Structure formats: C-alpha cells, structure tokens
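# Just the structure for this:
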Amino acid sequence: MNAHHHPETPTVDGMAGDDVGYDSTEWTAVHPRRIDDEQWQRYEGYLREIFSALGLPGGTIATDLTPRRFLRALYDATSGYEGDDKLVTAFPTECHGGSDCRISQVVEGPIPFFSLCEHHSLPFFGSAYIGYVAHEHILGLSKLTRLVRLFARRFSVQERIGQQLADGLERILQPHGVAVHLEAVHLCTQMRGVYELNSSTRTTYWRGNYDGDAQLRNDFFELCSSASSHRGRF
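Below you'll find the model as predicted:
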C-alpha cells in the first residue's frame, strides 16, 4: 500500500469496492489485487472449458492462449478496484468571494471512459463531463480524468459511476457544487437482447449549487456542448 500524508486536506481512498472512502489524514491508498499462479492456471482452465462449450476450437495457434489473454484483459479492464496513488493533488482555490463562489465553473470533458456492465460483463463506453464550483480547493485537471477511470475501470453500471464521481468530488474538494454528465453506448443492448445499434444512454448528477440553479445547469451543458463541438460529438 502506498500512502501519502497531509494533515489539512481531504482525500479520496481508491479502495476496492464501490464506495469512495474519506479520510482527513490520508491522501490516497492503493489496494493491489493478488492472484497467485495456481489461481491464474485454475481460472484459465475454467475459461478454456467455457470457450470450448460455446464453440471456440481450442489448441490452435490462434486460440491456445485465448483463455489467458481474456483473463488478462479482464484484469486490466478492472484495475479501478486497485485505486490510484497519483490521485493526490489539490490546490488552494482561486475563489475569493462574489460570483466566483456561486456560478463560476471548472468544466472538464469529454473524458473518454470504458467500463464493464456488471449484469453481463460486456463493455460500455463513452464520455464524461465534470463541472464544479470551487470553494476552498481546486483539483489538478488530470486528476479529474484519473477519478473517472478509477470508477469506470470496474464492473459497474453507468448510474453508479456518475453518483460516485459526484460524491467523490464533494468529499475531496467540498466545493459549492458538482455536476456530472455521462453519455455511453452499451454493448449489452447492441450485441444481445434488443440489438439496439443506434441508442446511447445519458445520465446527469447534481450536487450543491447546481441542484437549485437551473441557469447554472444550462451553462454547464453549454460548456459541455462547446467542448464536444470541437470534437464533432455530444
């Protein structure tokens, strides 16, 4: 476990599981998953049996290592359970009163993300937009991307990722408000079930000033749209 201590500043604990821990003395914590060689081999055997039952010819040059590759891919795609020891930097705010503390927003996005649906273990992917009205702290912009990946790189659902981002930012920064917008395509509805190829799912979460200020929410969406127009998508 890596731990860095700072006596005054709030922190995110990127712990395994679904909750963002809050600790007033520890900036961050990392929890590596430990799978020994015997377990890897046993899991590969299970996957080899499953793939064979589904029709994948085993033992060829192309497929002999497929169980190992698939297991390794799942392990990499769920690295968010281990935390992020670089999710550590916050700075004193530039807010000194007035409108800067009520309606001035920091908006970051689109932040691409990939996740695995916990219902079918199939990918869903898209973009995240995060906004906040600062109070006593601001966060390094790259940390917003790291926060998205911390929660997305797990077995999850889109709704939970949005809530975790909003709650996590509230705990880390204690800002005047937080806004989170996610847009994603879900392969569990495209590859199976209703085979819906053209839909996407949008979710929003509001905290603090955003909750009661419709104009602030509209401004957030305009800033998101402006950012996306430069990339040709929203």
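# Only C-alpha atoms from now on, for both contacts and neighbour counts.
Fine.
# Residue 147: what secondary structure?
Under DSSP: H, G, I helix; E, B strand; the rest coil, the three-state class of residue 147 is helix.
# Just give me the neighbour total for it.
20 (other Cα atoms under 10 Å).
# And it, how far from residue 207?
Distance from residue 147 to residue 207, counting by Cα to Cα, to the nearest Å: 17 Å.
# now swap in residue 176 and tell me
8 Å.
# what residues are shared contacts of the two?
Taking Cα atoms under 8 Å, 6 or more residues apart in numbering as the criterion, residue 176 and residue 207 do not both touch any residue.
# Tell me the pLDDT of the residue lying closest to residue 63 once chain neighbours are set aside.
Excluding its sequence neighbours, the residue lying closest to residue 63 (Cα to Cα, 6 or more residues apart in numbering) is residue 57, at 7.1 Å. On the pLDDT scale, residue 57 is placed at 95.
# cool, residue 89 as well?
For residue 89, the predicted pLDDT is 63.
# In three-state terms, label residue 192 for me.
Assignment for residue 192 (three-state DSSP): coil.
# and the gap between it and residue 70?
From residue 192 to residue 70 the distance is 20 Å (Cα to Cα).
# Also residue 30?
Taken as Cα to Cα, the span from residue 30 to residue 70 is 24 Å.
# re earlier: neighbour count: residue 192 and residue 70, which is higher?
Applying other Cα under 10 Å to residue 192 and residue 70 shows that residue 70 carries more neighbours, namely 13 against 10.
# quick one: contacts for that one?
Neighbours of residue 70 in contact, by Cα under 8 Å, 6+ apart: none.
# Low-confidence stretches in this protein?
1-29, 88-90, 92-97, 99-101, 228-234 (pLDDT under 70).
# 80 - rerun?
Along the chain, segments meeting pLDDT under 80 span 1-30, 85-103, 227-234.
# Do a quick rundown of the strands in it.
Remark: strands assigned in the chain by DSSP state E are 90-92, 106-117, 123-133, 137-139, 155-156, 177-186, 201-208.
# Can I get those in TSV including distance to residue 42 and mean neighbour count?
Shown next, in TSV, are the strands of the chain (distance: least, Cα to Cα, whole Å; neighbours: other Cα atoms under 10 Å):
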stretch	distance to residue 42	mean neighbour count
strand 90-92	43	14
strand 106-117	23	20
strand 123-133	24	24
strand 137-139	43	20
strand 155-156	21	21
strand 177-186	30	23
strand 201-208	37	17
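# Next one: residue 77 from residue 173, what distance?
27 Å.
# neighbour-wise, which of those two wins?
The neighbour count for residue 77 versus residue 173, taken as other Cα under 10 Å, is higher for residue 173 (25 against 19).
# can I assume that one is in contact with residue 140?
No: Residue 173 lies out of contact with residue 140 (Cα atoms under 8 Å); the separation is 11.1 Å.
# Show me how far whichever helix in the chain runs longest is from its chain's centre.
The longest helix of the chain (DSSP state H) is helix 37-54. Helix 37-54 has its C-alpha centroid displaced from the chain centroid by 29 Å (Cα atoms, centre = their mean, to the nearest Å).
# Buried residues in that helix, which are they?
44, 47, 48, 51 (16 or more other Cα atoms under 10 Å).
# Please report how far the third one lies from residue 213.
Residue 48 sits 54 Å away from residue 213, taking Cα to Cα as the criterion.
# go on, residue 104?
13 Å.
# and the two? which has more neighbours close in?
residue 104 (16 against 12).
# hang on, isn't that one packed against residue 133?
Yes: counting by Cα under 8 Å, residue 133 is a contact partner of residue 104 at 5.9 Å.
# what sits opposite residue 128 in the beta ladder?
residue 111, residue 182 (DSSP bridges).
# how about it, what does it touch?
109, 110, 111, 112, 113, 148, 180, 181, 182, 183.
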